[in-house]
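S.K.: after the sequence you'll find the predicted model.
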Amino acid sequence: MNSRAVHIVTLLGLVLALMLPTSATAQDAHAFTIARVKYDGGGDWYGDPESLPELLSFVRRETLMDVAPREEVVELASDNMYSFPYIYMTGHGSVRFSESEALRLRHYLEAGGFLHIDDNYGFDVPMRREMKKVFPELDFVELPFDHPIFHTSYDFPNGLPKVHEHDGNPPQGFGLFDANDRLMVFYSFETDLGDGWEPMSVHEKPEALRRDALRMGTNILMYAMTN
């Protein structure tokens, strides 16, 4: 997101904060907040529930980004989506957007918002189908390893780390770009970064692999906030 878009989203968030009860605005003391997308269709949008808090804790500890320590939950039909510069969508199984949700997500992304889709397994086919409702004219493009998203804060010369086996295929990072070649949507496939963000006790991933997942997540969030 460019600097002008960041300022617009931040100002909009402050306006919305003033309209909400004090108890609902505790996280607004921070520069920005991210959100997890709650969607219909049967998939577990709530999967890996501690993944984002763990990522945000790492980001707050290791960078200068003043992000709220916990994510919010947002529905695509909600006007509140526009107050989040970065939204995250994950799950197993199916997802479905209504026509109005698809149109609203398109408007959000074209206005400067950023969507990270993290395949938790079995999400690829329905997700691609629904994203075609959002951008019928666009196809996901695989990002080369020299794309800045792999090097924003930490270097990943071979692209995404392989966190979960899934089908045993190499991890891939895909993107949807707007007319100005801005990356609006980043799709992490065959890796399951969220598993790597969760506490070690949940998935028992090696500490080095978990660190790589957290660092890659930091890259994605940093890229979203600076492009």
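M.R.: Arrived safely, thanks for sending.
S.K.: so which residues of the protein form strands?
M.R.: Remark: strands assigned in the chain by DSSP state E are 35-38, 72-75, 86-91, 114-119, 141-142, 172-177, 183-189.
S.K.: contact partners of the first one?
M.R.: Identification of contacts with strand 35-38 by C-beta atoms under 8 Å, 6 or more residues apart in numbering yields 45-46, 52, 71-76, 81, 84, 86-90, 115. For glycine as for every other residue, the C-beta is placed from the backbone atoms N, C-alpha and C.
S.K.: for ChimeraX, what selects the buried ones among the residues you listed?
M.R.: Those of the contacts of strand 35-38 that count as buried under 16 or more other C-beta atoms under 10 Å are selected in ChimeraX with:
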select :45,52,71,72,74,76,81,84,86,87,88,89,90,115
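S.K.: low-confidence ranges in this protein?
M.R.: Applying pLDDT under 70 to the chain flags the ranges 1-28, 203-204.
S.K.: dump the residue contacts of residue 52.
M.R.: Residues in contact with residue 52 (C-beta under 8 Å, 6+ apart) are 34, 36, 70-71, 88, 194, 197.
S.K.: can you redo these as TSV with distance to residue 132?
M.R.: Shown next, in TSV, are those (distance: C-beta to C-beta, whole Å):
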residue	distance to residue 132
34	25
36	22
70	32
71	26
88	20
194	24
197	28
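S.K.: and of these, the nearest to residue 156?
M.R.: residue 197 (15.4 Å; C-beta to C-beta).
S.K.: correct me, but the closest one touches residue 48?
M.R.: Yes. Between residue 197 and residue 48 a contact is recorded at 7.0 Å, counting by C-beta atoms under 8 Å.
S.K.: between these two, who's got more neighbours?
M.R.: Taking neighbours as other C-beta atoms under 10 Å, residue 197 and residue 48 compare with residue 197 leading, 27 against 22.
S.K.: how many neighbours does the nearest residue to the more buried one once chain neighbours are set aside have?
M.R.: Leaving aside its sequence neighbours, residue 197 sits nearest to residue 51 (C-beta to C-beta, 6 or more residues apart in numbering; 3.9 Å). Other residues within reach of residue 51, judged by other C-beta under 10 Å, total 28.
S.K.: tell me who's in contact with residue 51.
M.R.: Residue 51 touches 90, 193-195, 197-198, counting by C-beta under 8 Å, 6+ apart.
S.K.: residues touching residue 73, list them.
M.R.: By C-beta under 8 Å, 6+ apart, the contact list for residue 73 reads 35-36, 38.
S.K.: so what's it bridging to?
M.R.: Legend: beta-bridge partners of residue 73 under DSSP bridges are residue 36.
S.K.: helices along the chain, start to end?
M.R.: Residue ranges of the helices in the chain, as given by DSSP state H, are 3-19, 51-62, 99-110, 124-134, 193-197, 200-203, 207-226.
S.K.: of all those helices, which lies closest to residue 147?
M.R.: Of these, nearest to residue 147 by C-beta to C-beta is helix 207-226, at 9.0 Å.
S.K.: go through the closest one and flag the buried ones.
M.R.: Neighbour-count burial for helix 207-226 [16+ other C-beta under 10 Å]: 209-210, 212-225.
S.K.: kindly report the same for stretch 43-63.
M.R.: Those would be 43, 45, 47-48, 51-52, 54-59, for stretch 43-63 by 16+ other C-beta under 10 Å.
S.K.: for residue 159, state which of those residues is nearest.
M.R.: Ranked by distance to residue 159 (C-beta to C-beta), the buried residues of stretch 43-63 are led by residue 55 at 18.6 Å.
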